[in-house]
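K.L.:
give me a 3D structure for the following:
(one chain, ligands or ions: 1)
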Amino acid sequence: MTHSWSNSPPAAAAAAALVVAVALAAFSGGCNAGTTSAFVRKAQKAVDMPLDSDVFRVPPGYNAPQQVHITQGDHDGSAMIVSWVTPDEPGSSLVFYGTSENHLKFSAKGKVYRYKYYNYTSGYIHHCTIRKLEHDTTYYYAVGVGHTLRKFWFKTSPKVGPDVPYTFGLIGDLGQSFDSNSTLTHYQSNPTKGQTVLFVGDLSYADNYPYHDNVRWDTWGRFTERSAAFQPWIWTAGNHELDFEPDIGETVPFKPYKHRYHVPYRASGSTSPFWYSIKRASAYIIVLASYSAYGKYTPQYTWLEAELPKVNRIETPWLIVLMHSPWYNSYNYHYMEGESMRVMYEKWFVDYKVDVVFAGHVHAYERSERISNIAYKIVNGACDPVPDQSAPVYITIGDGGNQEGLANNMTEPQPKYSAFREASFGHAMFDIKNRTHAYYAWHRNQDGHAVEADKMWFNNRYWNLKEES
Ligand SMILES: [Fe+2]
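P.N.:
Modelled structure (predicted):
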């Protein structure tokens, strides 16, 4: 869709006033320029898969490793964090790995952790960082001992560089419902093979159970292993990771998440696992924390302020930000929850030409135009989003499956900044071709694996600052 939100000043004052009036009327809701998909689905709770579902199957053998998952282990992708749980006793914290499937000639030793949550005691949670990996190389790895040894493999990312093609999958608010299973299956079956998942928060939804039954953290770990053991998932914390429950004596926020999902935050100079950055192929990925302090002088604020100038777009042209709570969201769910963070950081995103911001939280799909809302100065009244080619595209992809059902109640009319919205479960792919172009597509679960329900060619904001058609 093209639009004509001209910013150029007309010559005559009268003409200017008329043009501004018409533009404002159009922008403030008089004109519905985006697309609200015709697919309208019933609002019904997503039903969690029962505990005896095959996707939650416990691997055979005493104390066999389960819930295996990997994530990038350093800043540039030459390390990997391998994590798993042994349920009965600590067992071995060794990871054996190598480039030949039958000869795992290296090993690294991890650490083991445990935690209690109300009346639940976790299994033995192992995290092991394996370092100095060759880029663009398939590694086989094994965890466990004797007859419970379990083998997996992954491919490391290519060396960081400006024209390295790379495909990121996008999943948010996954949960462990039947819809979650459909989303993960669609992601894995997508003919555009995702190489790394960018996960935008809300993992297991265990906190929706009485006493946040942490058994549902374990089932979620087993459910996602079929993807997360073979390719890195880049983690963002959502509100369902807070697990803040003073009524049952649990006042340490993020306790289960922090124990189970380690990220390489120190490698980017962060002091907290909830905000950090990585470089991967031709992308620079910044993960932010919607549920940690972000006001001026807070650790997250000072980190991000120092971080953005470090992004070298000659080395990593694509600047991607992940967060949980969206800044631009036209659904009547979590409406404006991201507003205070937007006020703090949006100008930086425009100044540093962030290409795209992915968020979750709202259980539906939405893509924005390139817009910004940074002109407001208390007395000037300039408080509407305006077209801005230096601004990111904002994508809400909290449609993984969750447990609470779809968000299908939208603000009407559709705000002009909203380019496309639909309340369906699904996933997306961000497929970087080179320094100038990336192809993006969103897939709804009701379609076949290859159908693109929404799509867009991205022009890189640093190398190719042209309006996308
Ligand atoms: Fe959420």
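
K.L.:
so which bits of the chain are right by the ion?
P.N.:
With Cβ under 5 Å from the ion as the criterion, the chain meets the ion at residues 202, 238, 239, 361. In short, each C-beta sits where N, CA and C put it, glycine included.

K.L.:
please name the residues that touch the last one.
P.N.:
Translated: residue 361. 172-173, 201-202, 238-239, 290, 324-326, 329, 334, 337-338, 396, 398 (Cβ atoms under 8 Å, 6 or more residues apart in numbering).

K.L.:
make TSV from the residues of the chain next to the ion and add pLDDT to it.
P.N.:
As requested, those are arranged in TSV below (pLDDT from 0 to 100):
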residue	pLDDT
202	98
238	98
239	97
361	97
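
K.L.:
in which helix or strand does the residue in the stretch 351-469 of the chain that the ion sits nearest to reside?
P.N.:
In the stretch 351-469 of the chain, the residue that lies nearest the ion is residue 361 (3.8 Å; Cβ to the ion). Per DSSP states H and E: residue 361 is located in neither a helix nor a strand.

K.L.:
how far away is it from residue 104?
P.N.:
With distances taken as Cβ to Cβ, to the nearest Å, residue 361 is found 40 Å from residue 104.

K.L.:
next: residue 333.
P.N.:
Applying Cβ to Cβ to residue 333 and residue 104 gives a distance of 47 Å.

K.L.:
closest to the centroid, which residue in the protein?
P.N.:
With distances taken as Cα atoms, centre = their mean, residue 200 lies nearest the centre of the chain, 2.5 Å away.

K.L.:
thought that one was touching residue 171?
P.N.:
Yes - with contacts counted by Cβ atoms under 8 Å, residue 200 reaches residue 171, the gap being 7.5 Å.

K.L.:
now for the two: what residues contact both?
P.N.:
In contact with both residue 200 and residue 171: residue 397, using Cβ under 8 Å, 6+ apart.

K.L.:
quick one, phi psi at residue 95?
P.N.:
phi -110, psi 130 (degrees, to the nearest 10).

K.L.:
what residues are up against it?
P.N.:
Contacts of residue 95 (Cβ under 8 Å, 6+ apart): 82, 107, 108, 109, 110, 128, 130, 141, 142, 143.

K.L.:
and the helices in this structure?
P.N.:
Assigned by DSSP state H, the helices in the chain fall at 13-25, 178-189, 215-228, 255-260, 299-307, 339-351.

K.L.:
adding mean neighbour count and mean pLDDT, write those helices out as a markdown table.
P.N.:
Formatted as a markdown table, these follow (neighbours: other Cβ atoms under 10 Å; pLDDT from 0 to 100):
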| stretch | mean neighbour count | mean pLDDT |
| --- | --- | --- |
| helix 13-25 | 12 | 39 |
| helix 178-189 | 20 | 97 |
| helix 215-228 | 22 | 98 |
| helix 255-260 | 22 | 98 |
| helix 299-307 | 17 | 98 |
| helix 339-351 | 17 | 98 |
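
K.L.:
between those helices, which gets nearest to residue 317?
P.N.:
helix 339-351 (15.9 Å; Cβ to Cβ).

K.L.:
report the angle between that closest one and helix 299-307.
P.N.:
If you take axes from the mean of the first three to the mean of the last three Cα atoms, to 10 degrees, helix 339-351 sits at 10 degrees to helix 299-307.

K.L.:
quick one: contacts of helix 339-351?
P.N.:
Contact with helix 339-351 is made by 288, 290, 294-296, 301, 304-305, 308, 321, 323, 325, 327-328, 357, 372-374, 388, 390-392, as judged by Cβ under 8 Å, 6+ apart.

K.L.:
those in strands, which ones?
P.N.:
321, 357, 372 (DSSP state E).

K.L.:
do I have it right that the second one meets residue 396?
P.N.:
No - the pair residue 357 and residue 396 does not pass the contact test of Cβ under 8 Å, sitting 9.5 Å apart.

K.L.:
okay, and the common contacts of these two?
P.N.:
residue 326.

K.L.:
looking at these two, which has the bigger crowd around it?
P.N.:
residue 396 (32 against 28; other Cβ atoms under 10 Å).

K.L.:
contacting residues around the more buried one?
P.N.:
172, 326, 328-329, 331, 359-362, 364-367.

K.L.:
just send these back as a markdown table, with distance to residue 67 too.
P.N.:
Shown next, in a markdown table, are the contacts of residue 396 (distance: Cβ to Cβ, whole Å):
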| residue | distance to residue 67 |
| --- | --- |
| 172 | 20 |
| 326 | 29 |
| 328 | 35 |
| 329 | 32 |
| 331 | 32 |
| 359 | 26 |
| 360 | 21 |
| 361 | 24 |
| 362 | 28 |
| 364 | 29 |
| 365 | 28 |
| 366 | 32 |
| 367 | 33 |
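
K.L.:
which one of the residues you listed is nearest to residue 415?
P.N.:
Out of those, the member with the shortest distance to residue 415 (by Cβ to Cβ) is residue 328, at 8.3 Å.

K.L.:
hmm, the closest one is touching residue 372, no?
P.N.:
No - Residue 328 lies out of contact with residue 372 (Cβ under 8 Å); the separation is 10.1 Å.

K.L.:
quick check: neighbours shared by the two?
P.N.:
Taking Cβ under 8 Å, 6+ apart as the contact rule, residue 328 and residue 372 both touch residue 385.

K.L.:
between the two, which is the more surrounded one?
P.N.:
Using other Cβ under 10 Å as the criterion, residue 328 and residue 372 rank with residue 328 on top: 26 against 19.

K.L.:
for that one, what are phi and psi?
P.N.:
According to degrees, to the nearest 10, residue 328 has phi -120, psi 110.

K.L.:
quick one: contacts for it?
P.N.:
338, 342, 366, 368, 371, 385, 394, 396, 417, 418.
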